[in-house]
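Q: Return a 3D structure for these sequence lines:
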Amino acid sequence: MNENCVFCNIVAGKIPSAKVYEDNDVLAFMDIGPVMPGHVLVIPKQHFNPIWNLPDDLLAKVLAVAKRIAKVQTEVLGADGVNLFQTNGEAAGQTVPHVHFHVIPRRNGDGAGWAIVPRPYASPAEAAALAERLRNALA
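A: Here you go, the predicted model:
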């Protein structure tokens, strides 16, 4: 636990939350600044940041819960779709430095939009060169 982390304090019960799901490893609760009604945050109970520090088995558990919540949002809330996203670092828009996934129910015409603007590559060769660099690093 990180005593300075708001999510760790929610896990510890020091900060109240509207819980949606909880087990030994994962907690899901309503976002206090929702993009849309029903916006849920899914977190590992242990403090990890950024995502590449999160063990794969725990990541799988967190994602399985996010998947279940997304399905329920469509069934119970009547969502037409669901955004599932996660950010790492201030440059990516992360405001709480504890791994978390946003699960946001969406409706056709809800006006929430999508803030990320595509920036196409200058050429297929540029994309291929970047792919090669990443592929080599993964090898």
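Q: Residue 96 belongs to a helix?
A: No. Applying DSSP: H, G, I helix; E, B strand; the rest coil, one finds residue 96 to be coil, outside a helix.
Q: What distance do you get for it to residue 54?
A: 14 Å (Cβ to Cβ, to the nearest Å). C-betas here are computed from N, CA, C, even on glycine.
Q: ok now do the residue lying closest to residue 89 once chain neighbours are set aside, which residues does it touch?
A: The shortest distance from residue 89 to any non-neighbouring residue, by Cβ to Cβ, 6 or more residues apart in numbering, is to residue 50 (6.5 Å). Neighbouring residues of residue 50 by Cβ atoms under 8 Å, 6 or more residues apart in numbering: 88, 89, 99.
Q: Tabulate those residues (JSON lines), appending pLDDT and distance to residue 4.
A: Shown next, in JSON lines, are the contacts of residue 50 (pLDDT from 0 to 100; distance: Cβ to Cβ, whole Å):
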{"residue": "88", "pLDDT": "97", "distance to residue 4": "18"}
{"residue": "89", "pLDDT": "95", "distance to residue 4": "17"}
{"residue": "99", "pLDDT": "98", "distance to residue 4": "16"}
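Q: Give me the local confidence score for the residue nearest to residue 89.
A: We have a pLDDT of 98 for residue 50.
Q: Which parts of the chain are strands?
A: Using DSSP state E, the strands of the chain run over residues 19-22, 26-30, 40-44, 81-85, 101-106.
Q: Dihedrals phi and psi, the residue nearest to residue 89?
A: When read as degrees, to the nearest 10, the backbone of residue 50 gives phi -80, psi -170.
Q: Farthest from the middle of this structure: give me that residue.
A: Residue farthest from the centre of the chain, counting by Cα atoms, centre = their mean, is residue 125 at 31.7 Å.
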